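>>> all I have is the shape, not the residue letters:
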């Protein structure tokens with residue numbers, strides 16, 4: 001059970017890091033969109049390629065009104081939910097097994 005506890009703890013920690021990185025990438029993309037960035041810039045292309053799979057499902061549910069895209073807000077809320085629920089649940093299971 002000790003090994004399973006460590007495995008769950010490691011998975012929860014890695015998932016927490018991944019969700020934190022996704023959180024910051026979405027925030028940076030939203031901030032960059034205010035200044036109309038060069039779409040050929042490699043950093044901007046990286047941001048679009050990494051965050052678009054996270055934002056696209058929310059854009060299908062919530063359409064863009066008057067040029068204001070609020071899908072990053074809902075994506076951030078979803079990421080925070082995953083961090084609060086999924087990561088904490090995995091950590092709780094790991095602590096009970098250990």
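Done, it's in. Please read these numbers as outputs of a predicted model, since none were measured by experiment.
>>> the most centrally placed residue in the chain: what's it in contact with?
Residue closest to the average C-alpha location in the chain (CA atoms, centre = their mean): residue 22, at 3.5 Å. Neighbour list for residue 22: 50, 51, 54, 79 [criterion: CB atoms under 8 Å, 6 or more residues apart in numbering]. To be clear about C-beta, it is placed using only N, CA and C from the backbone, and glycine gets the same treatment.
>>> again, but for residue 40
With CB under 8 Å, 6+ apart, residue 40 has no contacts at all.
>>> host element of it?
Using DSSP states H and E, residue 40 sits in no helix or strand.
>>> rewinding a little: which element is the residue nearest to the centre of the chain on?
Going by DSSP H and E, residue 22 is in helix 2-33.
>>> how far off centre is the next helix-or-strand element following that helix?
Going down the chain from helix 2-33, the next helix or strand is helix 42-61, by DSSP H and E. Once both centres are worked out by CA atoms, centre = their mean, to the nearest Å, helix 42-61 turns out to sit 11 Å from its chain's centre.
>>> that concludes my questions; thank you for your assistance.
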